[in-house]
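In: Model the following, please.
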Amino acid sequence: MRQSGHTLIELLVTLTLIAVLLLIGFFILSRLIAELRLDMATFELSQHWKFTRFDAMGSGAAPTALCMKDDGRIEVAKIAGDNCETVSEWQSLTAGVNIDTNNSTLRRVSGVGGNDGTIYRVSWADTRGGLGGSWGQLGRLTLTAQGTTAKRCLFLFRVDGSWDIREDNRCQR
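Out: Predicted coordinates:
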């Protein structure tokens, strides 16, 4: 007569396999969520860049600036002029995403009001480069997210105000 049922060894092997598969799934899901946060923050920031540049078009030589800082959470503020030290109201972006200060090359605001050089500024105005041209600085702002090694960069690369989004290794060019 044949017995039905499972031995203790079979149950332990099954539970071990289930635990390993759940652990792998958890890490994959965590990384996916981190990359989605990074993509959302990049999109939000790119929209701020786009609308700030649009607002500067046709407004003459006075610049419109977007100030960006990272105090544990990325915050932005759009202002007339280019004095980011006077900003009092900041809007937060997606949580869990930070500015990579070692790989960001946009102009920083110095001094006490500039948060010790951690406020980045990008500005546009009607310049010789064209309507909505860059107001004197080129460079990149590199974003990273906790839980992934991926990077996203917003690159301001021409004085006419042209910019684009780059990923990972393309952030260095």
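In: correct me, but residue 157 touches residue 138?
Out: Yes: here residue 157 reaches residue 138: they are 6.1 Å apart, a contact under Cβ atoms under 8 Å. From N, CA and C alone the C-beta is placed, and that goes for glycine too.
In: Just the buried residues of stretch 95-105, please?
Out: Buried residues in stretch 95-105, defined by neighbour count with 16 or more other Cβ atoms under 10 Å: 96-100, 104.
In: buried residues in stretch 55-75?
Out: 56, 63-70, 74-75.
In: Including pLDDT and distance to residue 171, could the residues you listed go into CSV?
Out: Below are the buried residues of stretch 55-75 laid out as CSV (pLDDT from 0 to 100; distance: Cβ to Cβ, whole Å):
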residue, pLDDT, distance to residue 171
56, 78, 25
63, 77, 26
64, 81, 26
65, 81, 23
66, 83, 19
67, 85, 21
68, 86, 16
69, 85, 20
70, 81, 16
74, 86, 16
75, 87, 21
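In: Skipping adjacent residues, who's closest to the residue nearest the centre of the chain in space?
Out: Against the mean C-alpha coordinate of the chain, by Cα atoms, centre = their mean, the closest residue is residue 143 at 3.7 Å. Nearest residue to residue 143 in three dimensions, chain neighbours excluded: residue 152, at 4.8 Å (Cβ to Cβ, 6 or more residues apart in numbering).
In: who's the one you found bridged to?
Out: residue 143, residue 167 (DSSP bridges).
In: Can you give me every residue that contacts residue 73?
Out: Residue 73 is in contact with 92-93, 95, counting by Cβ atoms under 8 Å, 6 or more residues apart in numbering.
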